[in-house]
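A.B. asks: How does the following fold in three dimensions:
(one chain, ligands or ions: 1)
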Amino acid sequence: MLVRFTKMHGLGNDFMVVDLVTQRVRFSEDKVKKLADRHLGIGFDQLLLVEPPANPDMDFRYRIFNADGSEVEHCGNGARCFARFVRDKRLTTKDEIHVETANGQAVLRIRDHQQVEVNMGAPELQPANIPFQAEQASPTYEVEVGNESVTLSAVSMGNPHGVLVVDNVDSAPVETLGPLLEPHSRFPAKANIGFMQVVSPSEVRLRVYERGAGETMACGTGACAAVVAGRLRGLLDETVRVNLPGGVLKISWKGGENDPVMMTGPTATVFEGQIYL
Ligand SMILES: N[C@H](CCC[C@H](N)C(=O)O)C(=O)O
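C.D. replies: Numbers count the residues shown, from 1 in each chain. Model prediction:
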């Protein structure tokens, strides 16, 4: 079957986006892995599927698969591209788009200059709901990894994140600690691991070793989790400029447990394609 797709990215975090409103295609875990391969397939960090909503109050269902084939709960950079995609494909004419995800909802607002603002919902800090193994919620936790103990924050933005504060992201042990912490037993569903350098209370630098994809050029939920972690530690203001290898996101969080994290950033469409599946 010939399937239409669009290749997009959010700050270099790249996606294959497929309209399953006007097309009907099944993606097995193995098929996702093959399509994600940057030599044998199309190549992407995540596959994003646009589906009709199960809940009639929503505009779309938003499904996300990592390059390793695993289906996950959220993708922030993907949410911005999702909004741009459904508008460009005339699947909606709305400027405010409500989507349901695997375990939550997000509100996507089209701004000008290809900028999209996403209400990412409130962060989840209760260990059992992240999930993270700990007796009680805390701004930081000590985790034994390899032959050392690291201090990290544990936050869910729908998907699990561990966030470490480092002196300099350029020399941070992303390649060594990322692969050890992503599958760590303290994170029963694995985790995305962020390495954050605090430049000032309103600016950070961030690298993320993503669950199921490895280090990416940007991670939207990772940027949200990093700002939440920094605020819990008393290091950051309400609105923060997050500098990722692929570019800049603006993240805001008032700090209340029910306050949503707001993310604003760019989207880009690279090419349209068709592939036999
Ligand atoms: N690797 C993530 C999903 C993609 C998140 C990231 N690309 C973003 O922009 O939030 C996970 O397994 O939870």
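
A.B. asks: Report the buried residues of stretch 46-53.
C.D. replies: Neighbour counts over stretch 46-53 (16 or more other Cβ atoms under 10 Å) mark Gln46, Leu47, Leu48, Leu49, Val50, Pro53 as buried. Using the backbone N, CA and C atoms, a C-beta is placed for each residue, glycine as well.

A.B. asks: Summarise which helices and strands the least confident helix or strand in the chain by mean pLDDT is packed against.
C.D. replies: Lowest by mean pLDDT, DSSP states H and E among the helices and strands of the chain is strand 104-110, with a mean of 94. Under the contact criterion of 3 or more Cβ pairs under 8 Å, 6 or more residues apart in numbering; DSSP states H and E, strand 104-110 touches helix 76-88, strand 96-101, strand 115-119.

A.B. asks: I'd like to know which of those lies nearest to the ligand.
C.D. replies: helix 76-88 (3.5 Å; Cβ to the nearest ligand atom).

A.B. asks: can you state the direction angle for that closest one and strand 104-110?
C.D. replies: Computed by axes from the mean of the first three to the mean of the last three Cα atoms, to 10 degrees, the angle separating helix 76-88 from strand 104-110 equals 60 degrees.

A.B. asks: Could you confirm whether helix 76-88 reaches the ligand?
C.D. replies: Yes. Using Cβ under 6 Å from any ligand atom, helix 76-88 comes into contact with the ligand via Gly76, Asn77, Gly78.

A.B. asks: for stretch 190-200, same thing?
C.D. replies: Yes. With Cβ under 6 Å from any ligand atom as the criterion, the ligand is reached by stretch 190-200 at Asn192.

A.B. asks: Return the set of buried residues in that stretch.
C.D. replies: Within stretch 190-200, the residues that qualify as buried are Lys190, Ala191, Asn192, Ile193, Gly194, Phe195, Met196, Gln197, Val198, counting by 16+ other Cβ under 10 Å.

A.B. asks: do the same with stretch 167-176
C.D. replies: Residues of stretch 167-176 classed as buried under the neighbour-count rule (16+ other Cβ under 10 Å) are Val169, Ala172, Pro173, Val174.

A.B. asks: got the CA coordinates for stretch 45-58 in PDB?
C.D. replies: Extracted in PDB, the C-alpha atoms of stretch 45-58 (Å, rounded to 0.1, in the frame of the first residue of the first chain):
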ATOM      1  CA  ASP A  45      13.600  10.200  16.100                       C
ATOM      2  CA  GLN A  46       9.900   9.600  16.300                       C
ATOM      3  CA  LEU A  47       6.900   8.600  14.200                       C
ATOM      4  CA  LEU A  48       3.800  10.800  14.800                       C
ATOM      5  CA  LEU A  49       0.300   9.500  13.900                       C
ATOM      6  CA  VAL A  50      -2.600  11.800  13.400                       C
ATOM      7  CA  GLU A  51      -5.900   9.900  14.200                       C
ATOM      8  CA  PRO A  52      -9.500  10.700  14.700                       C
ATOM      9  CA  PRO A  53     -10.200  11.300  18.500                       C
ATOM     10  CA  ALA A  54     -11.800   8.700  20.700                       C
ATOM     11  CA  ASN A  55     -13.200  11.500  22.800                       C
ATOM     12  CA  PRO A  56     -15.600  13.700  20.700                       C
ATOM     13  CA  ASP A  57     -14.500  16.800  22.700                       C
ATOM     14  CA  MET A  58     -11.000  16.400  21.200                       C
END
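
A.B. asks: Run through who's touching that stretch.
C.D. replies: Applying Cβ atoms under 8 Å, 6 or more residues apart in numbering, the contact partners of stretch 45-58 are 13-21, 27, 32, 35-36, 59-67, 72, 75, 78, 81-82, 85-86, 91, 98-100, 105, 210, 213, 216.

A.B. asks: Can you flag which of those belong to helices?
C.D. replies: Taking DSSP state H, the ones among the contacts of stretch 45-58 that sit in helices are Val32, Leu35, Ala36, Gly78, Cys81, Phe82, Phe85, Val86.
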